[in-house]
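>>> Here is a sequence with its predicted model. Questions after.
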Amino acid sequence: MPGTLVQFASNGGKASGYLSLPKSGKGPGVLVIQEWWGLAPHIKSVADRFAAAGYVALAPDLYRGKAATEPDEARKLMMELQIGQAGKDMAGAVAYLRSHPAVTPKNVGCVGYCMGGGMTLYLASMGVIEAAVPYYGVLTKASPDWNGVKCPVLGHYAEHDGATDALPPLKASLQKAGKKVEFHIYPGTQHAFFNDERPQVYNAAAAKLSWERTLAFLGKNLK
């Protein structure tokens, strides 16, 4: 079922996102956080996939209407993104899901890709979600207090990706703070291996396995 664009409160203002509902009409909530391209068709399709799996999925538009199709443009938008404001938009999206009549039980998880993977970790540090699933994303613009994390973390990373080099210290920091974390590195893969609209990096086997692991993780912690 195709989703719709919705608005929600964010720090006294308004933000927007793409909302996709399950056929059953109800389920736990899941945020889907964009890659550096913005709220692109691929991210909307991922939200639809989560809805098909029984979740109320919301992909917030962190670029506030902007999007990119070229890497240089995407890099510029990502660098211009204010992480504090993005955090408020994501927290507003979480609150919107918790108040939505279709979200039951009132649990919300977050799955993010590329830049969105780092933002998922940032949102987890805010202590407002029940499950966090970053895909090949790390934080480069912030050093959050990992003591604020109140949920388990499941990460999916590519073998041939500079972001994966940051995993050992990230995992050590989370474990030092007493957090439950599990990272998977997929052999032979590159950054963005889950994005089936980028054939040059898409890896069907890794995408399938990571999807199955993600659904099992969300089912355990949200349903």
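Sure, I can see it.

>>> Please enumerate the helices of this structure.
41-52, 71-80, 83-99, 115-125, 167-176, 204-222 (DSSP state H).

>>> Among those, which comes closest to residue 158?
For the helices of the chain, distance to residue 158 was read as C-beta to C-beta. The smallest value, 7.9 Å, belongs to helix 204-222. Yep, even glycine has a C-beta here, placed from its N, CA and C like the rest.

>>> roughly how far apart are residue 110 and residue 55?
11 Å (C-beta to C-beta, to the nearest Å).

>>> Need the helices of the chain in CSV (columns: distance to residue 153).
Converted to CSV, these look like this (distance: least, C-beta to C-beta, whole Å):
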stretch, distance to residue 153
helix 41-52, 18
helix 71-80, 22
helix 83-99, 16
helix 115-125, 6
helix 167-176, 7
helix 204-222, 9
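
>>> Would you mind finding the most buried of these?
Ranked by mean neighbour count, the helices of the chain are led by helix 115-125 with a mean of 26 (mean count of other C-beta atoms under 10 Å).

>>> and it, average pLDDT?
When pLDDT is averaged over helix 115-125, the result is 96.

>>> next one: stretch 209-223
98.

>>> Contacts for it next, please.
27-30, 49, 53-55, 105, 107-109, 111, 130-131, 133, 135, 151-152, 154, 156, 184, 186, 194 (C-beta atoms under 8 Å, 6 or more residues apart in numbering).
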